[in-house]
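A.B. asks: how would this look folded up:
(chains A and B)
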Amino acid sequence: MKITLKDGSVKEYSEKKSIYEIACDLSEGLGRMAACGIVDGEIKDLRTVLENDCNLTICTINDPEGLSTLRHTTSHVLAQAVKKLFPEAKLAIGPSIDEGFYYDFDSQSFSREDLDNIEAEMKKIIKDGAELKYFELPRAEAIKLMEDRNEPYKVELINDLPEDATISFYEQGDGFIDLCAGPHLMSVKNIKAYKLISSSGAYWRGSEKNAMLTRIYGTAFPKKDELETYLTGLADRKNRDHNKLGRDMELFTTVDVIGQGLPLLMPKGAKIMQTLIRWIEDIEDNEWGYERTKTPLMAKPDLYKQSQHWYHYKDGMFVIADPQDPENEDKMLALRPMTCPFQYYVFKATPHSYRDMPKRYSETSTLFRNEDSGEMHGLTRVRQFTLSEGHLIVRPDQMVEEFKNCLALAKYVMETLGVQDDVKYRLSKWDPNNKDKYIGEPEVWEQTQQHIRDILTELEIPFYEADGEAAFYGPKVDINAKNVYGKEDTVITVQWDEYNAELFDMYYIDENGEKVRPGIIHRSSVGSYERSLAWLIEKYAGKFPTWLCPEQVRIIPISEKYFDYAEEVSKEFKKNGILHTIDKRSEKMGFKIREARLDRLPYMVIVGEKERDDRTVSVRSRFAGDEGVKPLSDFINQICEEIRTKTIREEVPEAEGK
RNA sequence: GCUCCGAUAGCUCAGUCGGUAGAGCACUUCACUCGUAAUGAAGGGGUCGUGUGUUCGAGUCACAUUCGGAGCUCCA
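C.D. replies: Numbering: from 1, shown residues only, chains lettered A, B, ... in the order given. Below is the predicted model of the structure:
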């Protein structure tokens, strides 16, 4: 057989050989480092025996495929260690994931101390350096083996495998056997750097109807220093956690008697949000053709019944009963969980000619959703939030163009905020296997999904597709960003809706005087302001671009002798809309500078005798350190320009401090 | 909603075997009037998240509850 290698060279063998044997044949080092193979594009275990001509890439633990093999094998070592220390634990599954691996057990929960003990046990196992042995069994024997070993979850997994599936196992060390499709390293001795990160609960097979298992998360790397780098990075990332930093910086707080998911924005956080809201409202109305609406925060249930939300999300709504007549549904009100139907009724209030289309409505809209108690997180998932929520009522021939415009607005907003490279676009589709969750016809879903696919392709926006992520009335583009914990949040969404115009009997009059159903685009431009603020805190680690800072300059008088001049400077700043304070505390300048730095201020101006006499300021910034003495008017021009253009100046890290 | 962890001064945290609460920073006052990352001194501040129980006695033990955190599940 002829084996074509990655570099294009061809190796010929007269008899069949395993990938491992070929790796060893190529070089002893490669044999030692090999983790898995890619045969004609498919990832294969090293033990796979090749008989026919094929393309073969041999991956080491330094390749992405090899790294996940390493992690997968580490998860087996973890399972072996857990079985040794906690023989009662039942094995569930243990795959490699993005940044490591996990293994689920049906067992007691594990404390940090338990994890440390398990890690120590893993060390012993690795030191023993067992080989992993691969074997296959017919279904009945496989089930028997797992039943004998009292592993009910494995039995269930085998039972659910398709008729023709190969049922494979790996055995290592003193009789540890796991049902597993592989691939795996040849031996556990190649595991050099690993760490158990945390333990938590996870549902068996990802369904809340099933038992809660105990999951252990861990990670593994080819080398110790790579592991160290990862762990340090993990800690650094958590230092940016908006939920910690936002509280430290006095942007928001929570109060137990106010309730879960109801953060209070403090003056600095509220100022940032005000800056964002004013900006978005201005550009939407003045540059992107939107009209503003202001609609009620609550409505009768009838409205949500008409929109179908009542039937899909009643449990997630705050319903207010009439105190005089609490049982009477006709007198109830529900706080709005979205603005869609309110803006539909704005559209319906007047007749519309085809000439006046599209109508683009936007509202800075406060919404209420009764999220389950475990779902709330900082500012990213809350029970009351504010969305730049818009609905475009569009002629069918305008849908594609307007959808593109919505994506363009989202892109412009992200570019201005400097976050455009941190997002992934997702085409969120319906789930053809779960039709109850969605309204409408399969053909319409397929068609609209294809429209969106075409648009993204034409705009050359990289995207991925996901089933079951659509809104119940239509597919959407979700723009997602990772938070510091590596979880994806949807920050902006643009949705294609073919159904609500029908539900709400919306129409416009075409050139023949006929009533025509419009299409609807649901969209946001920064998404939820709370979530966007969280995103920005984490993106900039609290060091916001100047235009967003709640305090842009701090005036630092060298002593109280210069307070008068500081006030004069302050007056000039105020005239120019520059957000600032004067630090009048009886402290040394060095102390005040240190505090201003720790407060992450973009600018400090120091005023003393020289500055007062010359009407100058001595400027120190987060970006360039000591910027020297400038005429006051020059500094004002400079910072006003920076704020007006929303410039994101590059940070120059200073040697000292945090 | 589920599993687990946590809550002590404004913040970060210590508090041993159950014996009546402690540090640093912050805050207030006073002195100093200062030139690019911490001036010095004095002082105030806590019914230990809340409730119930065990106990002669609870920050410490038990139960409940609220809030916070991680993960799972969910997210119009």
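A.B. asks: Would you map the strands across the stretch 1-150 of chain A?
C.D. replies: Using DSSP state E, counting those that start in this stretch, the strands assigned to the stretch 1-150 of chain A run over residues A:2-5, A:10-12, A:17-18, A:34-39, A:42-44, A:49-50, A:54-60, A:90-91, A:96-97, A:100-106, A:132-136.
A.B. asks: what pairs with the first one, and is each one parallel or antiparallel?
C.D. replies: When you say that, I think you mean strand A:2-5. Sheet pairing of strand A:2-5 (DSSP bridges) gives strand A:10-12 (antiparallel), strand A:54-60 (parallel).
A.B. asks: Please identify the most buried of the ones you listed.
C.D. replies: By mean neighbour count, with neighbours taken as mean count of other C-beta atoms under 10 Å, strand A:54-60 ranks first of those at a mean of 20. C-beta coordinates here come from the backbone N, C-alpha and C atoms, glycine included.
A.B. asks: Low-confidence regions, chain A specifically.
C.D. replies: A:653-658 (pLDDT under 70).
A.B. asks: Could you report the separation of the residue nearest in space to the middle of it from RNA strand B?
C.D. replies: For chain A, the residue lying nearest the average C-alpha position, counting by C-alpha atoms, centre = their mean, turns out to be A:Glu488 (1.9 Å). Here the criterion is C-beta to the nearest atom of the strand, to the nearest Å. By it, A:Glu488 lies 8 Å from RNA strand B.
A.B. asks: How about A:Gly468?
C.D. replies: A:Gly468 sits at a distance of 7 Å from RNA strand B (criterion: C-beta to the nearest atom of the strand).
A.B. asks: Can you report how many residues lie near that residue?
C.D. replies: Using other C-beta atoms under 10 Å as the criterion, A:Gly468 is surrounded by 13 other residues.
A.B. asks: State the three-state secondary structure for it.
C.D. replies: coil (DSSP: H, G, I helix; E, B strand; the rest coil).
A.B. asks: host element of the closest residue to it other than its chain neighbours?
C.D. replies: In this structure, A:Gly468 finds its nearest non-sequential neighbour in A:Asp431, 3.7 Å apart by C-beta to C-beta, 6 or more residues apart in numbering. Counting by DSSP states H and E, no helix or strand carries A:Asp431.
A.B. asks: Can you name the residues that contact A:Asp431?
C.D. replies: Applying C-beta atoms under 8 Å, 6 or more residues apart in numbering, we find A:Asp431 in contact with A:Lys437, A:Tyr438, A:Asp467, A:Gly468, A:Ala470.
A.B. asks: So among those residues, which ones count as buried?
C.D. replies: When burial is judged by neighbour count using 16 or more other C-beta atoms under 10 Å, the buried members of these are A:Tyr438, A:Ala470.
A.B. asks: Tell me the one among the contacts of A:Asp431 nearest to A:Glu291.
C.D. replies: Within the contacts of A:Asp431, proximity to A:Glu291 (C-beta to C-beta) peaks at A:Ala470, which comes in at 27.4 Å.
A.B. asks: And for A:Leu379, the neighbour number?
C.D. replies: Using other C-beta under 10 Å, A:Leu379 has 26 neighbouring residues.
A.B. asks: Please verify my assumption that it contacts A:Leu536.
C.D. replies: No: the criterion here is C-beta atoms under 8 Å, and A:Leu379 misses it with A:Leu536 at 10.2 Å.
A.B. asks: State the distance from A:Thr60 to RNA strand B.
C.D. replies: If you go by C-beta to the nearest atom of the strand, the gap between A:Thr60 and RNA strand B works out to 29 Å.
A.B. asks: give the contact list for that residue.
C.D. replies: When contacts are counted by C-beta under 8 Å, 6+ apart, A:Thr60 is found next to A:Leu30, A:Met33, A:Ala34, A:Ala35, A:Gly66.
A.B. asks: before we move on, the earlier item: is the residue nearest to the centre of chain A bridged to anything, and to what?
C.D. replies: In this entry, A:Glu488 is beta-bridged to A:Lys482, by DSSP bridges.
A.B. asks: Enumerate every residue touching it.
C.D. replies: The neighbours of A:Glu488, taking C-beta under 8 Å, 6+ apart as the test, are A:Lys424, A:Asn480, A:Ala481, A:Lys482.
A.B. asks: hang on, the earlier thing: as a markdown table, the strands paired with strand A:2-5 with distance to A:Pro337 would be great.
C.D. replies: Supplementary listing: the strands paired with strand A:2-5 in a markdown table, determined by distance: least, C-beta to C-beta, whole Å:
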| stretch | distance to A:Pro337 |
| --- | --- |
| strand A:10-12 | 62 |
| strand A:54-60 | 48 |
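A.B. asks: Please report the distance of whichever residue of the stretch 301-450 of chain A sits closest to RNA strand B from A:Glu208.
C.D. replies: Using C-beta to the nearest atom of the strand, A:Gly374 is the residue of the stretch 301-450 of chain A that sits closest to RNA strand B, at 2.0 Å. For A:Gly374, the distance to A:Glu208 under the criterion C-beta to C-beta, to the nearest Å works out to 11 Å.
A.B. asks: repeat for A:Lys411
C.D. replies: On the measure of C-beta to C-beta, A:Lys411 and A:Glu208 end up 37 Å apart.
A.B. asks: Check A:Phe86 too.
C.D. replies: 25 Å.
A.B. asks: Counting neighbours around each, name which of those two comes out higher.
C.D. replies: When neighbours are counted by other C-beta under 10 Å, A:Phe86 and A:Glu208 differ, and A:Phe86 comes out ahead with 17 against 6.
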